[in-house]
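S.K.: Just a sequence and a predicted model for now, questions to come.
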Amino acid sequence: MRWSQMYIPTLREIPGEAELISHQLLLRGGYIRKLAAGVYIYLPLMQRVIEKFSRIVREEMNRAGAIEITMPVLHPAEIWQESGRYNTVGKEQMRMKDRHNHEMILGGTHEEIVTYLLRGELRSYKQLPLNLYQIQVKFRDEIRPRFGLMRGREFIMKDAYSFDADEESFKLSYKKMVDAYFAIFKRAGLDARKVESDTGAMGGKAAHEFMLIVDTAGGEEVIMFCDQCDYAANIEKATSKEASPTPPDKELKPRREVPTPGAATIEQVTAFLNVTAKRLVKTLIFMADNKPVAAMIRGDRELNATKLKNHLGAIDLELAPNSLVEFVTGCKVGFAGPIGLKKKIPFVVDREVAGLTNFVVGANKDDTHIVDVNLSRDFQSESIADIINAAEGELCPACGRGHLQAKKGIEIGNTFMLGTKYSTALKATFLDAEGKENPFIMGSYGIGVTRTPQAAIEKYHDEHGIIWPRNIAPYAAEIIPLNYAKEEHRQAAEQIYAQMAELEIDCLLDDRPERAGVKFNDADLIGIPVQIIIGDKALQQGKIELKNRQTGQKRLADMEKIGKEVEAELAGMY
RNA sequence: CGGGGCGUAGCGCAGUUGGUAGCGCACUUGGUUCGGGACUAAGGGGUCGCUGGUUCAAGUCCAGUCGCCCCGACCA
């Protein structure tokens, strides 16, 4: 393709709307334009990236035995009500009414639809296993769209759904998808890491996320890795063992109230009472589906909202407003505790707190704490669970020897073991060999087709621009005649361009009447892996110049063998 | 949803105590230039987000509204 015939609107200045480097480069490189918050137009270069990545996804999905279909984006609300997710997905769902006042939904995922399809079609175990997938636009009305294609309200996703007759068969189906995912990301030049994750609104038994580890601001997810074994989990899911827990005191001291004027925060209270935060237990009041509930965790810990939510079986969990905290405790905020609450509410105690002795809590009185408190002696709770974030340096829950370390990543794919959640809810069953009716065992598998390329940019870029992995670059090579008006430059460029076409190497020819500097800068910005530079310096020696965008290295090559040279250059790239 | 910020030419921005809108880049045409975002001359392009109000006069002041960006929504 000739640049002059393409539409590649590069920008010299950084658009004010973009914070993330990958977002800035997509805008500056002429890949995307914004239509509304979280809604983007894919320009020609982006379109090509999407096509390249989609092709890899299709090839690997097909290889793994999945079959491509296309389901509607527009769904009747009833099917979502039937599965029960109409309420749990809630505000994230784009909803609208048709002219008959019938409620419709713009799909953000398709478990319901694919299950609807197959409950009417699949009757026998002989038709299983089956895995259907599609590559399609999705809608999610994100609470806060941001970072360009990273968290959009409209985006492209590959979603696959597996149906199996029994657990054993399902395990194989799941493994096939996991293997396919590793193959896909590897071909895209991305070292994806599989980590355990929470199942969220998707439900089901277990799930994994495929993360691209990045050290830029684009890494939204925190992942805990074991430094000894292959344990890896999203912070929402990660558990741990404390490396050196405080041993319980032999003797339970009598509890007593102490005045702590003005000391409401952990720092203030620990300083005032001269105790460590590990001895302090904070009581947080939450609203779980509009009912107040208290959570008790150690003062040095962070509450894990996902774990608490799962433990309570709640759909919605948020911190209670101050007014409610005051109503429940009967005192000002900062002195909540388990003893002497004005209103009786359920308590969830972190399992770590359950092992503590002689600890400090708020007294539910202004400017007062209670010291030497002990669970079961001073208050009761039937609800003990892990509700805190694992912390760096703690022991791995898998091997028990290694220590956890945190890294940041971008989620580029996920796999869910759904079990029979959807097949049961939607009454999708088949007859097994004994003629017995069973619900399908399902899995669902997503890859962010528009997010993954941006994640790749977040990982691979420099101060000049994007550095694409070769297999998802919009073009493999770019021919840069430094002065296209010059006869020798043009002839050489056209000759090479023709060779590339013959070898079927995707190639962009910068035939614009621009100065060399502009072309160099644009080439670096849009990030094509191989630059073929045609200028007087090399031409005088009867050669042309190759520049590797990944290594930055330049070398001279013979014009007649340029096709092979470019192929050789590409072969050495990620 | 809470907090903060911003809406002025395609992009990035300036616009004073209210007095009828400007700069850089980009764009068009001519000339010179041509290996890392050239120089020069002449141009084109704006209902100042929208609505209402105050005023002789509003980009500027007031009210409302819409949109966008950032932070937070894990604090006792």
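M.R.: Received it, and whenever you're ready, just let me know what you need. Numbers count the residues shown, from 1 in each chain, chains lettered A, B, ... in the order given.

S.K.: In contact with A:A160, which residues?
M.R.: Residues in contact with A:A160, defined by Cβ atoms under 8 Å, 6 or more residues apart in numbering, are A:M61, A:A66, A:N131, A:L132, A:Y133, A:Q134, A:M177, A:S444, A:Y445, A:G446. In this view, the C-beta of every residue, glycine as well, is placed from N, C-alpha and C.

S.K.: The same query, at a cut-off of 6 Å, please.
M.R.: Residues counted as contacts of A:A160 (Cβ atoms under 6 Å, 6 or more residues apart in numbering) are A:A66, A:N131, A:Y133, A:Y445.

S.K.: For the strand or helix carrying A:Y174, what does the pLDDT average out to?
M.R.: According to DSSP states H and E, A:Y174 maps onto helix A:167-187. Computed over helix A:167-187, the mean pLDDT rounds to 97.

S.K.: That one - contacts with which helices or strands?
M.R.: helix A:44-63, strand A:154-164, strand A:441-448 (3 or more Cβ pairs under 6 Å, 6 or more residues apart in numbering; DSSP states H and E).

S.K.: Output the contacts of A:A160 in CSV, with neighbour count, pLDDT and secondary structure appended to each entry.
M.R.: Converted to CSV, the contacts of A:A160 look like this (neighbours: other Cβ atoms under 10 Å; pLDDT from 0 to 100; DSSP: H, G, I helix; E, B strand; the rest coil):
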residue, neighbour count, pLDDT, secondary structure
A:A66, 24, 98, coil
A:N131, 21, 98, strand
A:Y133, 27, 98, strand
A:Y445, 27, 97, strand
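
S.K.: From the residues you listed, pick the one nearest A:P245.
M.R.: A:P245 lies nearest to A:Y445 out of the contacts of A:A160, by Cβ to Cβ, at 38.9 Å.

S.K.: so what's that closest one bridging to?
M.R.: Listed by DSSP bridges, the beta-bridge partners for A:Y445 are A:A160, A:T415.

S.K.: wait, what's in contact with A:E168?
M.R.: Taking Cβ under 6 Å, 6+ apart, one finds nothing in contact with A:E168.

S.K.: low-scoring pLDDT stretches of the stretch 1-150 of chain A, where are they?
M.R.: Applying pLDDT under 70 to the stretch 1-150 of chain A flags no residue at all.

S.K.: circling back: need the contacts of A:A160 in a markdown table (columns: distance to RNA strand B).
M.R.: As requested, the contacts of A:A160 are arranged in a markdown table below (distance: Cβ to the nearest atom of the strand, whole Å):
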| residue | distance to RNA strand B |
| --- | --- |
| A:A66 | 33 |
| A:N131 | 33 |
| A:Y133 | 30 |
| A:Y445 | 25 |
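
S.K.: quick check, nearest of the residues you listed to A:T276?
M.R.: A:Y445 (45.4 Å).

S.K.: That closest one contacts A:M417, correct?
M.R.: No - counting by Cβ atoms under 6 Å, A:Y445 sits too far from A:M417 to count as a contact (10.3 Å).

S.K.: before we move on, back to that, A:N304: which of the helices and strands packed on helix A:167-187 is closest?
M.R.: strand A:441-448 (23.4 Å).

S.K.: so how far is the closest one off the chain centroid?
M.R.: Chain-centre distance of strand A:441-448: 14 Å, with Cα atoms, centre = their mean, to the nearest Å.
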